[in-house]
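*Asks:* dropping a prediction and its sequence here:
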Amino acid sequence: MLTVQLFSAFFILCAIGAVAGFVAAGRWISIVLAAIGSLSALVILAVSALLLIGDASFRAELWPVLSLGTMKLAADRLSAVFLFVTGLVFLPVSLFSGVYLEKHRGHYSLGYFGVLYHALFASIVLILIADDAVSFLIAWELMSIASYLLVNFEYEREESSHAGFVMLAMSEAGTVAVIIAFMLAMDRTGSLEFGALRASAASATQEVSWAIFLLSFFGFAVKAGLLPLNSWLPLAHPVAPTNVSAILSAVIVNLGIYGIMRFNLDLHPTTGAGPGSIVLIVGSLSALIGILYATVQAEMKRLLAHSTIENMGIITAGIGAAMTFKATGHPVVAAIAMIAALYHLANHSVYKALLFVGTGAVEAGAGTRDLDRLGGIARRMPWTSVFFLIGVLSIAALPPFNGFVSEWLTLQTVLRSAELASTSIKVVFAISGALLALTAGLAVTCFAKVFAMGFLGMPRSDGATQAKESNWGARSPLALLAVACILLGVLPTYVIPVLDGAVTPITHESASAALVPPFFSTMAQQQENLPAKFIAEFHDLGAQVGSAALPGRGLVVLHRGEEQNPVVFAMSTSYTLVTFAVILAIIFIVFQFLSRRQALSRGPAWDGGLRHLWPATTYTATGFSNPVRVIFDAILQPAAGEDSVEAVARHFRTAIRRNYAEVHIVDQLVLDPPVRGLRTLAAVARKMHVGHVNAYAAYVLLAMLFVLILGVGVF
Amino acid sequence: MANWVLKGLRTGIRTTGYPSRPERAAGVSPGRPHGASLNSIEQADTLVERCPTRAIERQEGGVAVDHRRCVYCLRCQRDGMETVAPWDASYEWATEGLDEAASAKKLQRAFGRSLHIRFLDAGACSACVSEARQLNNPYYNMHRLGLFTTPTPRNADVLLVSGPVSDAMRLPLRKAYEAMPAPKRVVAIGACAIFGGVFGSSFAASGGASQIIPVDVIVPGCPPPPLAILHGLLLVVGRKPPAQPVSRPSDQVMEPA
Amino acid sequence: MVMLERRVEQASFPERLAELWRRKWKGRVGAAFERDGQICRLQCPTKELPELCQWLTCDLRFVLATLIVEEERAGGWLLQYVFYKDSDTPWIYAEVRLSTLSQVIPSLSGLPDGPSFDWHEREAEDLFGLTFEGHPRLGEFVLHEDWPEGVNPMQRGFDAHQHVELRHPDPRWKPPTVVEAPGAFAMPIGPIFSDFAESAHFLLETVGEDVIRTIPRFFYKYRGVEKIGEGQMLDRVLLLAERFSGTSAFAHGLAFCQAVETICGIEVPPRACALRTVFAELERLRHHAAVITGICNSTALAVATAQAALIEEDLLRLTCEAVQHRYLFGLVKPGGLSCDLPEDKCNLLAESTAIIAARLRALHQMLRYSSSFLDRLEEVGIVSTEKAVSYGLVGPIARASGVSRDIRKLLPYAAYNATHFVVPSEQEGDGYARLRVFFHEAEQSAALMRHFLLSVPEGPICGAAVSARADAALAAVEAPQGATFHWLRLNEDGTVARYHITPPSFANWHGFHLAAENFAFQDFPIILASFGLSNAECDR
């Protein structure tokens, strides 16, 4: 089979990549690594495309493990979606690494980086195609360790070690929870093959199901960076090399989502509305808290990391909605919710990779990624800025870019809660809808700030003044990702059926016909899917306009209500794009026509008659977001420290210093108490170390005694 | 809030009929000194001597008054003077800049009827500022004539300058003028902006706006009352003719037109 | 009885002061009384100056009026720190002489009342080239960054009519800022404002939302009035005195004339005194109406703005009708007034001001019940009493912060001692307190005007003609914005040897930054309007 060969080729390429770094020399190391990395990514893209669009399948058996079943590999379409996204991110990031790694050459071992990078890639793919818990967990651990080592790549920096350690510790705690969840799920069959788990899911008692749900959801939530287990994310991203940050945010967090989807929707589907509501609320809260912290950040990588939490929250909210709808018997809406979640996941990976790589390019050009010290980059790095702007518009969810499509779908799905029976669940949906709407609004503020403060205005540091545009080697991955953003944005009607293919096996119901009805192809066919009244609605909206000129499906539609009283929501980014283009063209032509006889003169911005403006007279990112900081003071507690004032002659102040000590509210409320408890416990335990042999002998004796008593008592 | 609406309605319309009808309310303008026909040379000399800014000049048959140089010390009027200069009650004082030929040429229709105005205080005593501010009060309400203030000279058609241009305001004045898009006009209001007024030309002041930028319309007075400034702006849009700044002994004493 | 005793005790204050001086300063500081004990001169060696000034301000509660610097004909410098308290105590001139060689004096800005000395010292440093040792910040005050180094316009050798070639400052030049915080930036406002406003520049340092520090830059309108007046005849300098600040022309003209009258010993006839009081109050009324218009406008209360603007314009028209000029120019002259107010005009003024006072009261009443308006003013732009004292604030601004000091009461001039009135004062020091003070003072001005208009004494309006003497005098007047001090030295020939003006806006702008800190951006225009200060007056 072609897929098997391709997967084999991929793993072989990874193996070569791991070694190649030590074989090549000088400038070639990074080029070879980039080439092998992108080639592997291409292979993954190819195989996942085959799985998604074609009829190909993949199934392989490795070897049996003790009594826990056989280690198996298989890829269904859900895996393929994640594989495709992984490939889509790894391709440009590998290209970018070729340029980026140059600055580390000679200082850190690039060969070592090659080993870790390809090990990570291979383990990620392995996770996605594992068909039994054992191979899944082995790959999972491999991925955790490889990513930890990559974050810690610049090991000489103090903060990397700390951040890497927090990341590893939290990741391991999550893994333990997942292992317990697997063990609870296997209980009866004794097999850890996914097929067996699936089969036994229905027979689990309610208590066990709840335990499995909570353990697996929060276990995977660590990787996905969901509240309250997100502390590692904003720590790890800024210290990791930028290409690794991109992988962290665009691929590794996805694995958490994959885990939740695979486990809680496929292997051991949740029952009842409870779990779905929990997931929904955790998702929406993560989204809001994530974007709030992103908005008040001025350090670009940390900002993007917080924004990753936000996006993971939105995806998770979609999953929560899907769980609820599925459990309450609305399979089509559940399918729509899952499509929304998967779509947002793909979108997030693409634009987040774009923004991280763009940040890397800006940092390479201007020497800083502190928005308060940037400014004016658009003039100095025009190409990078255009690509970055596309990423910003996408992540701010503005039409016709990709973020808009999936956020629109997610919000619309949440609004479908009207169809649910239970009032309490409706309330949960309403709250979460409000949180998500607030999140969407803040996201615009946040990323308007990023672009306006970072790329427009006056440069605020020497580095930003002297910023240089990067070469095409660094710009091509940006271009690639920007094109992906636009395509995912304007072609939702082609993306949704593909995603629908991945979702249908889980929801057992296709949403394709409902979401993207085939208006223009054959009017006759749709009759069975849509009542006449709906079609009349669409005609009122003007859906048939241009049916002759525009091929295929142009509208994404959500509808509900009764046949006689339909409520229709529809949008079309492709039409929006066309309309924008036409309007802009008309404006351009009219402007050209009107100003044909007028001389255009350009002058500096009006400065109120001041001698000149200087960079410190322009808004900073911190200043721009300060209203948000003030409004959400109760939630954020950004801990604006005391002002310290230096003065001479009593009243004449020569310096006012304001010191910020940022403490994340979640850390403060959730993580700090156990950490403090552990510290106290450790301090107590330390007292046992008195340093006398006699004392240690006594400990051994006591421990033995304790075990004996325990043995007698239990058995 | 309703109270305020009611209060506003109860106050009624107070706006002047100018420029359609002359404004005859008492105190809208201090009026201006006028050339006088005098029989004795001594009388004329006293008047000339009394004037601190040489606005009064001896001419055949009496004295002529150059209103542009008047700083309203009122010494030709008061203080035990036996001979006083006649005084007219007009307020339509605005006229072309000191380089009259150039301004007259420039005042050819460049605008429609609406203007956007940027006010600039180049060291004025703040009486001019206060009078310019009155243009927005309900009595004068310049908006009804299509005259608006704009925050930035980038959108301005007219730069309204007051003050003798202090050293520190030279640069802002030049920058504001340069920032204005063509066509642009400069209206200098008050004696200080016209020739430096009592401050003259010194180490600290330039002696008038025309020393720095070309001035198209001047509005004499110290300070010029709001209606005179309004006349200056109407002159820019060509809705009113310029006034005669120098009145000779033979000229008629004018009433508000 | 108690009142009487206090008066007796204070009437002997020169003696008491002499006693106090003997106890503490004899042998260190010379003392002499002048003008029947109205002036006490303390000759002070340079090193004793800080202690002496602290003694005067902290122990005796004297207030700094002004700092007068003179370049003596024989060479060297004479600095006079002038203090006042009330009509029962003499003016105190603490004199310091410097030789031509040493131009260094200890700065007094470190004293408890240091801020009130602060700007006087900066001004003297810029204009005379003196050095105030220990002053936290000198330079770039009156003269900006493009003024050539080492050129001091007030020095005797400097020709007022020369043209000074300005420098091109370093292209990277920027004013000093003090806030250090991640993301801190400065918001520049001015010098050209977006409305009909006077030129000044404010740099608001912030990290967004709240203003941490306000750094004002004034003297954009410095016209060198004091310098160009030197060597001119009195009638010429009177024009300058009136016209450097057009909205308070009468008050400054009056102060100048009072200084001339003191020097020349001219008695002002009672009718002129009464009418001077009327015109001074008319100016105050119109000025306060303008400030109230500004405050309403800053809060975007359209109808109230229109109402206040109508009152302001009505007052301008009324003034013009009465005295032929809308801003009272050309009215006051040494010895009295240049024109009389006939009976019919007196009645007109009396009647009209009564109506206007009623309209103001009605407006005040309505504003007091407009919560949206009060929200913008209450607890906004607070100046504490303590700060108001140490910064030496004057006029309505100080009175809104609980410092009820008024020259009309403390050192009565014109006809103010012929009537009884209570100086309005508030404690809060916020924008609303200032608004209330402006309203109360305006109403009181109208009442005072009526009082004097209905009983103007008959008689001439001008005293004896000016006969110049070589002498100097200081006159104090409560201008609409507060105490102004005009100090004048005349030559034999009637020309002005040296003229020094300390306008109220100079003192109050110094304290402005106190109010405009730790408040939100959007409050800034309101705080600015609630001070109602004049740059022309401050900059001279």
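*Replies:* Now that the structure is in, tell me what you want to look at. Numbering: from 1, shown residues only, chains lettered A, B, ... in the order given.

*Asks:* give the contact list for residue C:236.
*Replies:* B:52, C:229 (C-beta atoms under 8 Å, 6 or more residues apart in numbering or on different chains). The C-beta positions use only the backbone N, C-alpha and C, and glycine is treated the same way.

*Asks:* which residues sit in contact with the residue of the stretch 1-150 of chain B found nearest chain C?
*Replies:* Closest approach between the stretch 1-150 of chain B and chain C, counting by C-beta to the nearest C-beta: residue B:127, at 2.6 Å. By C-beta under 8 Å, 6+ apart, the contact set of residue B:127 is B:190, B:222, B:223, C:243, C:246, C:247, C:249, C:327, C:329.

*Asks:* please apply the same query to residue C:450.
*Replies:* Each residue near residue C:450 by C-beta under 8 Å, 6+ apart is listed here: C:350, C:353, C:354.

*Asks:* could I have the buried ones of those as ChimeraX selection syntax?
*Replies:* Provided next is the ChimeraX selection string for whichever of these are buried by 16 or more other C-beta atoms under 10 Å in any protein chain shown:
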select /C:350,353
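
*Asks:* what about the contacts of residue C:450, which are in strands?
*Replies:* The strands in this structure, assigned by DSSP state E, contain none of those.

*Asks:* shaky segments in the chain?
*Replies:* Assuming you mean chain A. Applying pLDDT under 70 to chain A flags residues A:66-68, A:187-189, A:518-554, A:559-567, A:636-643, A:647-652, A:654, A:659-662, A:714-715.

*Asks:* can you look at chain B instead?
*Replies:* Using pLDDT under 70, chain B drops low at B:1, B:79-83, B:100-109, B:252-257.

*Asks:* closest point of chain C to chain B, which residue?
*Replies:* For chain C, C-beta to the nearest C-beta, closest residue to chain B: residue C:246, 2.6 Å.

*Asks:* quick one: the nearest residue to that residue once chain neighbours are set aside and residue A:307, what's the gap?
*Replies:* Counting by C-beta to C-beta, 6 or more residues apart in numbering or on different chains, residue C:246 lies nearest to residue B:127, which is 2.6 Å off, once chain neighbours are set aside. To residue A:307, residue B:127 is 57 Å away according to C-beta to C-beta, to the nearest Å.

*Asks:* next: residue A:147.
*Replies:* With C-beta to C-beta as the criterion, residue A:147 and residue A:307 are 19 Å apart.

*Asks:* and if you look at residue A:664?
*Replies:* Applying C-beta to C-beta, the value for residue A:664 to residue A:307 is 14 Å.

*Asks:* okay, those two: which has more neighbours?
*Replies:* The residue with more neighbours, out of residue A:664 and residue A:307, is residue A:307; 27 against 21, by other C-beta atoms under 10 Å in any protein chain shown.

*Asks:* where do the strands sit along the stretch 1-150 of chain B?
*Replies:* Along the stretch 1-150 of chain B, counting by DSSP state E, counting those that start in this stretch, strands occupy B:32-33, B:36-37, B:56-59, B:62-66, B:87-88, B:95-96, B:115-121, B:147-149.

*Asks:* close to chain A, is the last one?
*Replies:* What it means is strand B:147-149. No. With C-beta under 8 Å from any C-beta of the partner chain as the criterion, chain A is not reached by strand B:147-149; the gap is at least 14.6 Å.

*Asks:* residue numbers of the stretch 151-300 of chain A in contact with chain C?
*Replies:* Counting by C-beta under 8 Å from any C-beta, the residues of the stretch 151-300 of chain A that sit close to chain C are residue A:298.

*Asks:* most proximal residue of the stretch 151-300 of chain A with respect to chain C?
*Replies:* residue A:298 (5.8 Å).

*Asks:* quick one, what contacts residue A:471?
*Replies:* residue A:99.

*Asks:* okay, it and chain B: tell me how far apart.
*Replies:* Between residue A:471 and chain B the computed distance is 38 Å (C-beta to the nearest C-beta, to the nearest Å).

*Asks:* and that residue, how far from residue A:382?
*Replies:* For residue A:471, the distance to residue A:382 - C-beta to C-beta - is 14 Å.

*Asks:* check residue A:186 too.
*Replies:* Taking C-beta to C-beta, one finds residue A:186 at 57 Å from residue A:382.

*Asks:* look at the two and report which has more neighbours.
*Replies:* Between residue A:186 and residue A:382, counted using other C-beta under 10 Å, residue A:186 has the larger neighbour count: 18 against 12.

*Asks:* that one contacts residue A:179, correct?
*Replies:* No. At 10.6 Å, residue A:186 does not count as touching residue A:179 under the criterion of C-beta atoms under 8 Å.

*Asks:* rewinding a little: quick one, phi psi at the residue of the stretch 151-300 of chain A closest to chain C?
*Replies:* Main-chain torsions, residue A:298, degrees, to the nearest 10: phi -120, psi -10.

*Asks:* which ones are touching it?
*Replies:* Under the criterion of C-beta under 8 Å, 6+ apart, the neighbours of residue A:298 are A:370, A:371, A:372, A:453, A:620, A:621, A:622, A:625, C:182, C:183.

*Asks:* and residue B:155, by the same measure?
*Replies:* Neighbour list for residue B:155: residue B:116 [criterion: C-beta under 8 Å, 6+ apart].

*Asks:* again, 10 Å this time
*Replies:* A:606, B:116, B:117, B:118, B:148, B:179, B:180, B:181 (C-beta atoms under 10 Å, 6 or more residues apart in numbering or on different chains).
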